[in-house]
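1. coords please:
(one chain, ligands or ions: 1)
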Amino acid sequence: MKQLLLLICLLSLAFTPQEAAVNYSEDELMGTFDPKTHPDFALIPQHLTSKSNIYLRKETLEAFENMHREAKKEGIHLTIISATRNYTYQKGIWDRKWSKSKYMGWQGMDKVEDIMKYSAMPGTSRHHWGTDIDLNSLENSYFTHGEGKIIYYWLIECAPDHGFKQVYTNKNLGRTGYEEEKWHWSYMPLSKEMLHQYKEKISAKDIPNFPGSEHIDSLKIIERYVNGVEEN
Ligand SMILES: [Zn+2]
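-> I've put the predicted structure just below:
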């Protein structure tokens, strides 16, 4: 009898389901889907954002709701000003920047690098993933004085407890790619795995053509920008 019980215990151990990593599709990683109709995404309630009809992955939203509630208790007001942006949306941003008159006469490569100080190429943005948000202001200066500074210090101190991290930190620390963005926060429990799978599954050839996309390889966009984040 004892042996039978031991066998049952061993068998049940062997069949305990392990926490399996979610397998993200190439469409999910490159933003070629509509968050409105994706079952893992939810509409951000209006009291959390200054925009309308914007979405996040459900787990990201739940974590943000908790963080927002905790912050509010301490008089810190967090407002989402951008969340999931799919490929089409990001391409709209890219095309608008690409055709700016200030770039008249510029070489393509120089244009790409200038735009990419703060904006991602479609197909390469963390905003495709439903894990990343922009908070309160798109100016670093907002976060260096007054209310913005208090908010930023609160985020640095408390956001990691809720899973959020500033991924585009000061480049003096050796990070490559985008300039510092004090407003951009990533929900690491999901985004870390998404970055891992992006690196495994996506290469320059998967990204559709658009003006400037011919420089993805030569400028090492995936290596320097997608991978140019502070993760720890
Ligand atoms: Zn952002």
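2. And the average pLDDT for the strand or helix carrying Glu147 is what?
-> According to DSSP states H and E, Glu147 maps onto helix 146-158. What helix 146-158 shows for mean pLDDT is 98.
3. after that helix comes which helix or strand?
-> Next along the chain after helix 146-158, taking DSSP H and E as the criterion, comes strand 164-166.
4. contacting residues for the residue of the chain found nearest the ion?
-> Using Cβ to the ion, the single residue of the chain nearest to the ion is His184, 3.7 Å away. (Glycine included, C-beta is placed from N, CA and C.) Neighbouring residues of His184 by Cβ atoms under 8 Å, 6 or more residues apart in numbering: 126, 132-135, 166-168.
5. Turn the residues you listed into JSON lines, including pLDDT and secondary structure.
-> Shown next, in JSON lines, are these (pLDDT from 0 to 100; DSSP: H, G, I helix; E, B strand; the rest coil):
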{"residue": "Arg126", "pLDDT": "98", "secondary structure": "helix"}
{"residue": "Asp132", "pLDDT": "98", "secondary structure": "strand"}
{"residue": "Ile133", "pLDDT": "98", "secondary structure": "strand"}
{"residue": "Asp134", "pLDDT": "98", "secondary structure": "strand"}
{"residue": "Leu135", "pLDDT": "98", "secondary structure": "strand"}
{"residue": "Gln166", "pLDDT": "97", "secondary structure": "strand"}
{"residue": "Val167", "pLDDT": "97", "secondary structure": "coil"}
{"residue": "Tyr168", "pLDDT": "96", "secondary structure": "coil"}
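6. got the residue ranges for the helices in this protein?
-> Ranges of helices in the chain, per DSSP state H, are 2-14, 26-30, 58-73, 87-98, 108-115, 146-158, 188-201, 221.
7. What parts of the chain come near the ion?
-> Selection of the chain residues close to the ion by Cβ under 5 Å from the ion yields 134, 184.
8. Any idea which helix or strand in the chain has the lowest mean pLDDT?
-> Least confident helix or strand of the chain, by mean pLDDT, DSSP states H and E, is helix 2-14 with a mean of 53.
9. returning to what we had before: give me whichever of the helices of the chain is most buried.
-> helix 221 (a mean of 25; mean count of other Cβ atoms under 10 Å).
10. Now do it: distance to the chain's middle.
-> 16 Å (Cα atoms, centre = their mean, to the nearest Å).
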